[in-house]
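In: Return a 3D structure for these sequence lines:
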Amino acid sequence: QVQVVESGGGSVQAGGSLRLSCAASGRTFSSYHMGWFRQAPGKEREFVAAISGGGSNTYYADSVKGRFTISRDNAKNTVSLQMNSLKPDDTAVYHCAAKSTGAYSTPIWYNYWGQGIQVTVSS
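Out: Next comes the predicted model:
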């Protein structure tokens, strides 16, 4: 069982930066792939970024590639999402999630989810 809790959201103007953090419980954190997803009002949940258990492999949605960076610290059971050059289209509730198997970009493979945190980017 893994519990994840997000922090670091807020409001920022376009072009600004935010850093999201996700704290996870459990002694086997490094065995889980971690992902970030987001959901805007009236839209489906979409993949943002993911990182393998050891941190050597990272994956990004095309819409955030070059602007967002995912990282993890297995000693602290945390995963972060550094978001730069933010755009109004990045406005959404961002969720951290953990999985042990399956496709990295598909929500159904993720077993454990945080409650989400709001990110608002104004123009």
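In: residues contacting the residue most central in space within the chain?
Out: Residue closest to the mean C-alpha point of the chain, counted by Cα atoms, centre = their mean, is Trp36 at 2.2 Å. With contact set as Cβ atoms under 8 Å, 6 or more residues apart in numbering, Trp36 has these partners: 20, 22, 48-50, 70, 79, 81, 94-97. Backbone N, C-alpha and C define where each C-beta goes, glycine included.
In: Not counting sequence-adjacent ones, nearest residue to it?
Out: Val48 (4.3 Å; Cβ to Cβ, 6 or more residues apart in numbering).
In: So the one you found: helix, strand or coil?
Out: Look at Val48: counting by DSSP: H, G, I helix; E, B strand; the rest coil, its state is strand.
In: thought it was touching Leu81?
Out: Yes - with contacts counted by Cβ atoms under 8 Å, Val48 reaches Leu81, the gap being 7.2 Å.
In: Now the common contact residues for these two.
Out: Taking Cβ under 8 Å, 6+ apart as the contact rule, Val48 and Leu81 both touch 36, 68, 94.
In: Pretty sure the first one sits in a helix.
Out: No - remark: Trp36 does not belong to a helix; assigned using three-state DSSP, it is strand.
In: Got phi/psi on the residue lying closest to Ala103 once chain neighbours are set aside?
Out: Nearest non-adjacent residue to Ala103, counting by Cβ to Cβ, 6+ apart: Trp109, 5.5 Å away. When quoted as degrees, to the nearest 10, the phi and psi of Trp109 stand at phi -80, psi -10.
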